[in-house]
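Engineer: Can you look at this prediction? I've put the sequence above it.
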Amino acid sequence: MRSGFALGIGAAAFPSVTSAQTTPRFAFSDTIDLSHVLYEGFPTFSGDKWFTVEHLATFEKDKVNLHRWTIVEHSGTHIDAPIHFSADGMTADMIPISDMIVPLVVIDIRARAAADPDTSLTPDDIKKWEAKNGRLPSGCCVAMNSGWHKLVGDKKFTGNDEQKRNHTPGFHAETAHFLISEREVKGIGVDTLSLDTGLNSGGTFPVHYEWLGSGRWGVECLANLDAIPEKGTHLLLGTPKVKGATGGPTRAIALV
């Protein structure tokens, strides 16, 4: 992307903008892919195969290539729409596109996660980030960098133990509550398979229920978070527009 490219987006993406006539703009000089390649056998908590590809036609035989995908919505890098964990929340196709281009905050808990895979991103982590960088930008996405994005293909990525419990980092429920009640945040993101810690994803899902239940979205299985700064970046989500979808594979792009 050429240097100095400026992008104007609707005021709804930045709640701090009060004038309906004001079009907020930002410049970026690079783009970084934050999505994993989706392939047959991409890791899932259960170990079930959620994505398969059938070759309906090949160029060698048919002079055209055509595939059929069979997919569970929450495969690979994907968005969680509010309806995923609520009775009547927005489906993926209903999320305003102005909510899909937002400031991106990255909070690094890699050292703690390496020592304790059951750790979580806490309100104290948010406050430490703010002490260094200032208050969270209005309308942002807060992403957890636990280092797990580098473990795809390693059994540690799902964190399964002998009792089939999952040991992976995630957001703490208190953090979700704090961001809902005391900050203006549109989305949260993780480089793991779940917004919750793996142990909570075994049944209780407190972050999913509170966060998605509040009408906000989440994005899971982010990649390349080490390649972007902790502030000053924007996130663009290419989300599926499938009627009634609870989520779907998503191209997540950092505008740096």
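Structural biologist: In hand now; what should we look at? Predicted, not measured: the structure shown is a model, and the values here were computed from it.
Engineer: Give me the residue at the spatial middle of this protein.
Structural biologist: V219 (2.0 Å; Cα atoms, centre = their mean).
Engineer: my guess is that one is in a strand, correct?
Structural biologist: Yes - counting by DSSP: H, G, I helix; E, B strand; the rest coil, V219 is located in a strand.
Engineer: That one reaches L236, doesn't it?
Structural biologist: No - using Cβ atoms under 8 Å, V219 is not in contact with L236, being 11.3 Å away. To be clear about C-beta, it is placed using only N, CA and C from the backbone, and glycine gets the same treatment.
Engineer: any idea where the strands of the stretch 151-256 of the chain begin and end?
Structural biologist: For the stretch 151-256 of the chain, the strands defined by DSSP state E, counting those that start in this stretch occupy 170-171, 185-190, 217-220, 233-238, 247-249, 251-255.
Engineer: nearest to D99, of these?
Structural biologist: In terms of Cβ to Cβ, the element of those nearest to D99 is strand 185-190, at 5.3 Å.
Engineer: Can I get the closest one in PDB, CA atoms only?
Structural biologist: Extracted in PDB, the C-alpha atoms of strand 185-190 (Å, rounded to 0.1, in the frame of the first residue of the first chain):
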ATOM      1  CA  VAL A 185     -14.900  -0.500  23.000                       C
ATOM      2  CA  LYS A 186     -16.500  -2.100  20.000                       C
ATOM      3  CA  GLY A 187     -14.700  -5.400  19.900                       C
ATOM      4  CA  ILE A 188     -12.200  -7.700  21.500                       C
ATOM      5  CA  GLY A 189      -9.800 -10.100  19.800                       C
ATOM      6  CA  VAL A 190      -7.600 -13.000  20.800                       C
END
